[in-house]
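Participant: Fold the following and give me the result.
(chains A, B, C, D and E)
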Amino acid sequence: MLINCVAYQNGKRLGDIPVEDISDYVVRPECFVWVALSDPTQEEMDQMSEEFHLHPLAVEDAHQGHQRPKIEEYDDSLFVVLHTLEWASEEAGAALQGGEVDIFVGTNYILSVRHRTHKGFANIRARAEREPELLRHGSGYVLYALMDTIVDRYFPILDGVESELEQIEERIFGSSTARSNIESLYGLKQKLMVLKHAIEPMMEVTSKLFGGRVPLVCSGIQEYFRDVYDHLHRIHTTTEGIRDMVTTAIQVNLGLISISENEVTKKLAAWAAIIAVPTMVAGIYGMNFKHMPELDWVYGYPVSIAVMVAIDIWLYLRFRKARWL
Amino acid sequence: MLINCVAYQNGKRLGDIPVEDISDYVVRPECFVWVALSDPTQEEMDQMSEEFHLHPLAVEDAHQGHQRPKIEEYDDSLFVVLHTLEWASEEAGAALQGGEVDIFVGTNYILSVRHRTHKGFANIRARAEREPELLRHGSGYVLYALMDTIVDRYFPILDGVESELEQIEERIFGSSTARSNIESLYGLKQKLMVLKHAIEPMMEVTSKLFGGRVPLVCSGIQEYFRDVYDHLHRIHTTTEGIRDMVTTAIQVNLGLISISENEVTKKLAAWAAIIAVPTMVAGIYGMNFKHMPELDWVYGYPVSIAVMVAIDIWLYLRFRKARWL
Amino acid sequence: MLINCVAYQNGKRLGDIPVEDISDYVVRPECFVWVALSDPTQEEMDQMSEEFHLHPLAVEDAHQGHQRPKIEEYDDSLFVVLHTLEWASEEAGAALQGGEVDIFVGTNYILSVRHRTHKGFANIRARAEREPELLRHGSGYVLYALMDTIVDRYFPILDGVESELEQIEERIFGSSTARSNIESLYGLKQKLMVLKHAIEPMMEVTSKLFGGRVPLVCSGIQEYFRDVYDHLHRIHTTTEGIRDMVTTAIQVNLGLISISENEVTKKLAAWAAIIAVPTMVAGIYGMNFKHMPELDWVYGYPVSIAVMVAIDIWLYLRFRKARWL
Amino acid sequence: MLINCVAYQNGKRLGDIPVEDISDYVVRPECFVWVALSDPTQEEMDQMSEEFHLHPLAVEDAHQGHQRPKIEEYDDSLFVVLHTLEWASEEAGAALQGGEVDIFVGTNYILSVRHRTHKGFANIRARAEREPELLRHGSGYVLYALMDTIVDRYFPILDGVESELEQIEERIFGSSTARSNIESLYGLKQKLMVLKHAIEPMMEVTSKLFGGRVPLVCSGIQEYFRDVYDHLHRIHTTTEGIRDMVTTAIQVNLGLISISENEVTKKLAAWAAIIAVPTMVAGIYGMNFKHMPELDWVYGYPVSIAVMVAIDIWLYLRFRKARWL
Amino acid sequence: MLINCVAYQNGKRLGDIPVEDISDYVVRPECFVWVALSDPTQEEMDQMSEEFHLHPLAVEDAHQGHQRPKIEEYDDSLFVVLHTLEWASEEAGAALQGGEVDIFVGTNYILSVRHRTHKGFANIRARAEREPELLRHGSGYVLYALMDTIVDRYFPILDGVESELEQIEERIFGSSTARSNIESLYGLKQKLMVLKHAIEPMMEVTSKLFGGRVPLVCSGIQEYFRDVYDHLHRIHTTTEGIRDMVTTAIQVNLGLISISENEVTKKLAAWAAIIAVPTMVAGIYGMNFKHMPELDWVYGYPVSIAVMVAIDIWLYLRFRKARWL
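Facilitator: Down below sits the predicted model:
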């Protein structure tokens, strides 16, 4: 689906242009064309390929989607694949849903193709058009703006994951050592895996856009890409930290389960003793020996009961002191 | 066993040729010869070695099989070893069975030798012959087509492994914490090991065919090899992710076993208490003291039974509330 | 908030200067200006940006705070971000609280902006002013003095963490295998994560200031930065060591919990036996058979009690010997 | 102990020569001398050192033994240390015993010194003498032949270790979860450590003999050393794989032990219930209340017994269904 | 404390010289001065600094001690920090105590400053003086002799640690699965950490003294430093191996604890059954039903006892067979 197809001159919007005219604008050196597609059909991709003279391998990748984040140079143009992440639903602990943005960048055009994403990039275009002095940098700057926005959208994801860990930690060290904690930790680990598999190749991609030899369209605004890289690095470090804590939390949870079992065993043992001792005493006085002097004694029964109670109180206090009860 | 032996000129099939004529076609610069062998005998290998002037160390490797994936340059020709993986049977959870494809590539010949593989590469030849404009690139393009097919055949394996993990996850967090889960996870780990040992050296092999100095036969189609590398990288990342989740799943399963034992212990303790208390009470009234006023009371028996039942109901409700039952 | 704004000439203090005059002093080659801000407002940052001609991306970073430690070169000037760590409160086992110091360094100015830190750097200025022969090195030396102080403030943090581990170790191998040990170890792991995330990028930063090509303002005093790096390296090695021991301690604690459960089970089993045996014997003599010769025997009762006691003493000694009791 | 001392000319054996004549043959450019020692005395080493003009540090290393695998260049000559591994005895699960082969290689001599090895290298010499066209390559080829043989002798070791793991796996997933499995896994881990410590430095050694700048004596036969390296790489990959599986097996075994304990606890609980319920019922009818109508009923006894049996059968079936029994 | 201050000429001892004359000897090219200090005072360090013209940063480091192993070049002179390890006491399992040796090396002087070490280096000086042909190499050779001795003193430490692991292994697989094993393994891990933190930076230090560009004072005797590096590498590999086995041993010990608990549970269950069955039977015949024919039967009592004993013998044999007892 075609979202936008706009031509710009010296950082100012010339206006929407029909797709067939793209090739006319692309050849004018002071112009650049910015096209946005969303889940395109084969026909749309073919038309774009023709207008922009895109490389067939890149077009095939962009049409199929499901590429890993990467950057490829085809002569003067770049083909960039980025991953997006969105919560599948609004509720807490929801699953992560991955999308993909494929970007073709030439000296005077930029074509973004997004797949399976919910949020669009209309606000980027709006903001860029309000800052013509930056937009004058051309397609490289638009690439930066897209990457910056995609990366910044990772931060709320990261915050969600972080606060999920905090909630699980509270539950772990709180009352429950339940089955659900383990399940949550496992789910968190899966989300972190998704994050990691999105972030790491994107760092690799971004690192090729500043420092050393950079593609032509990105020269002059390297510091902006370094800034994107810094954000990615921060996300990556935090992700790794959470991963490490999740691993520790799983181990720690295991330990607490053992402790809790230990406590149950102790309680069980203590109550078993408290019940077994009177049972034993009662058993003894239930014996049918002819000659058992206590049995004939008037106070035999109350005294035996008193002894049982006394032993039990003593046991109870001892177990209490030893923190078995 | 000789599968095919065909000569091509300018991307078009000239026709099957007898093995003895190979050396005549190889010297014609505009031709190239594409030979496919399967589990060859010593005689076949010797004949090929003679016709193509192959290096004896490479021929020995190709005849023995059981090499690790590698790429070796002998002057202008390449010797490439790739691993294939197939399910040993159709049923779910079947074992993986490894095969090997050894490829000799020269400027105008390509010889593929496959060992212990079920599926052949006839469809590659068919497709290549339908696209003479690509086949015109010569032996390098055929090498690409072979590698691309071999790598693409890993994806269903990967999907199988992924869905196996998902099934085990469901079982783990479902009802059963059985012995079979652990066994399945162990088996999965073994399969992932096989995948890893096939993928990693193949990535190393492929990375030598694009970027920087590449062998002569691959120059001009580097972007195709980069595409194969990208697929391998995607498989590798997914494999590593599954490996990590399997490790976590084993740990998590351990935790769930402990929790389940905990629950059994609690249930055991609760029922023990419910049975032990009436036993104790009954024991007390089974004592043979002469002077036990309750014993002579008409309602002694029903009241004692009522007390027992009352205590047990109270215990049951308490344990229920504490989720021990 | 502006803390200080002082001009220096040849290592000697010229005196406080108003912010508006900064640009006049900065152009004088023999002078340098040292400004310190703390949690600055937007206006203060804008003013500084204007006076010192700072790069807009760096100014934005410094105003927002929450950057990871990094070093960036903008032409002749440096932008350095460092992290500080302070205990949130005085009591033992308190949480760590991270702050940030952003430093702009030019040939003849240095501007430090600190965020969320409690302790200032007034003592650095005082010491530097007492050593004019060192201060003569200019802004590079001040950068060194700031970094050295920030890094040296990590050592008491490290000592605190180390002694916390030692206390936990004592508790682990001492009497208690309690829930609190695990919680402390988890908390310690979190602190080490914070330390690691502060130290590692700072090592990367510092390593760019000595050896090989270094920024202009740091040339001539590279050995000082190598010294800072050495301190960071020492902190890093110790942190890694503690991390490793914490992981081991968690495992070891788990083992001790199991041992302790084992001991409880043994104790439970031993006492159960000691109680159950007399109960069984009593049960036998509680049977109502008509013909039980022992029942009529005068010494039946005392002998049976004696047998019970004897068996229990024997059991007690055996369990004692087997260290079950 | 001197094993052999033979001079060769153009790949053909000239015959055994006395040790004192070595220096005469070494100076003749078309000759080369191949000496083999086993656990030499100080005198033998000194004599060799003198005849071949060996470097004193290398001689000291070779005499002492107990070096790690390494390669050192002294001017035109090489000093290579390799490790051998042999089973200490023929029986399954035997310990590994490490030996050492120190090799001095010059342009026209090769001296091998083996320590603590059982198997010699006589078959290498025999084979080399049967292939004079290869032996013509000189001392470099003999070095290759020695390394190739030493490396190939690792394969049966590896097979032994692999089949040992398979046997343990069978036992783990079979009936026994015994103490002996853990002990075997620990022993296997130790053997893998020995293998790893032998293989890894040998890979480093071999990698210096092909590709890039290679020592003079190895030039021209680099492809042979690459072949040795490939074998080592295969052994290394397999070893790492087994190591990984052993770690997993230890964890899995732990899980199975927990499951087995779980099963025991369930069985214990089930039987305890089956015994406790009749005991409770019997206790109730053992009470001495005067007014217990059932006691006087003629069918009281058989009915009570029937109730007990009925409850127990019901319990038994329930536990059976729940797989506790 | 000054230990020695001696001047040498052409490898021969000239004799002890007063500290004030050092600067006179240092300027004479054919001489070199070798000074040894132990835990020096500030005054001693200042005097040395003046006589040898040492760099103030290095002097400060050497006086404070507590540096990590490192090597620093100051123009033509080197500053080397090495760590020593000694057993805190003679008894087995004693703690490790770290010391430090700081060495200043110039073209014709060497100054060693040792901190917190028990053993001195007098024997190095004695041996060096007996070998004037080696001592002629000058200060570089003395540096080698010091490093060689310090590294060689690690071997007995390593042997001690290795034999400690072996003892623990024996105890683990022997009878006891006690608390003390875990504590010993934890202590061993701590010692290995100390070893690792001493060895790894020392390898880095040593690797800068051979191969590639080396400091002037070490040129010509690079092979000796490579030898020291080899020893360090061997220690490092062994240490890593032991570390790995300790981790495995902790896990294995955990497994054995679980097995042992399993066995206790089984024993407990078996004996509980053996006691509970007669109790139940006795309970049944303790019921007070009027009509219980067995009770009136003369052989009722002995037969019931016989039945109890028979059941118990059968149970005992069954448990024995199932290895629960």
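
Participant: Help me see whether the longest helix anywhere in chain A makes contact with chain C, please.
Facilitator: If you go by DSSP state H, chain A has its longest helix at helix A:222-285. Yes. Applying C-beta under 8 Å from any C-beta of the partner chain, one finds that helix A:222-285 is in contact with chain C at A:223-224, A:226-227, A:230, A:233-234, A:237, A:241, A:244-245, A:248-249, A:251-252, A:254-256, A:258-259, A:261-262, A:265-266, A:268-269, A:272-273, A:276-277, A:279-280, A:283-284. Backbone N, C-alpha and C define where each C-beta goes, glycine included.

Participant: May I have the secondary structure class of whichever residue of the stretch 1-150 of chain A sits closest to chain B?
Facilitator: Proximity of the stretch 1-150 of chain A to chain B (C-beta to the nearest C-beta) peaks at residue A:68, 5.0 Å away. With DSSP: H, G, I helix; E, B strand; the rest coil as the basis, residue A:68 sits in coil.

Participant: Test my guess that it contacts residue B:233.
Facilitator: Yes. If you go by C-beta atoms under 8 Å, residue A:68 and residue B:233 touch, sitting 6.4 Å apart.

Participant: need the strands for the stretch 101-250 of chain A, in chain order.
Facilitator: Counting by DSSP state E, counting those that start in this stretch, the segments of the stretch 101-250 of chain A that form strands are A:109-115.

Participant: what stretches of chain A score poorly on pLDDT?
Facilitator: A:92-93, A:175-178 (pLDDT under 70).

Participant: Quick one: name the residues of it near chain D.
Facilitator: Counting by C-beta under 8 Å from any C-beta, chain A sits next to chain D at residue A:286.

Participant: how about the host helix or strand of residue A:43: buried residues?
Facilitator: Here residue A:43 sits within helix A:42-52, counting by DSSP states H and E. Across helix A:42-52, burial judged by 16 or more other C-beta atoms under 10 Å in any protein chain shown covers A:44-45, A:47-49, A:51-52.

Participant: Quick check: buried residues in stretch A:158-178?
Facilitator: A:158, A:160-161, A:164-165, A:168-169, A:171-173, A:177.

Participant: Tell me, how many residues neighbour the closest residue to chain C within the stretch 151-300 of chain A?
Facilitator: In the stretch 151-300 of chain A, the residue that lies nearest chain C is residue A:283 (3.5 Å; C-beta to the nearest C-beta). With neighbours defined by other C-beta atoms under 10 Å in any protein chain shown, the count for residue A:283 comes to 29.

Participant: Next, the contact list for the residue nearest to the spatial centre of chain A, please.
Facilitator: Nearest to the mean C-alpha position of chain A, by C-alpha atoms, centre = their mean, lies residue A:191 at 4.1 Å. Residues in contact with residue A:191 (C-beta atoms under 8 Å, 6 or more residues apart in numbering or on different chains) are A:95-96, A:161.

Participant: What of residue A:186?
Facilitator: Applying C-beta under 8 Å, 6+ apart, the residues near residue A:186 are B:169, B:173, B:248-249, B:252.

Participant: For residue A:168, see how far away it is.
Facilitator: Note on residue A:186: its distance to residue A:168, by C-beta to C-beta, to the nearest Å, is 11 Å.

Participant: Take the buried residues of stretch A:158-178 and write them to JSON lines, including distance to residue D:130.
Facilitator: Formatted as JSON lines, these follow (distance: C-beta to C-beta, whole Å):
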{"residue": "A:158", "distance to residue D:130": "69"}
{"residue": "A:160", "distance to residue D:130": "73"}
{"residue": "A:161", "distance to residue D:130": "68"}
{"residue": "A:164", "distance to residue D:130": "71"}
{"residue": "A:165", "distance to residue D:130": "69"}
{"residue": "A:168", "distance to residue D:130": "71"}
{"residue": "A:169", "distance to residue D:130": "72"}
{"residue": "A:171", "distance to residue D:130": "75"}
{"residue": "A:172", "distance to residue D:130": "71"}
{"residue": "A:173", "distance to residue D:130": "74"}
{"residue": "A:177", "distance to residue D:130": "72"}
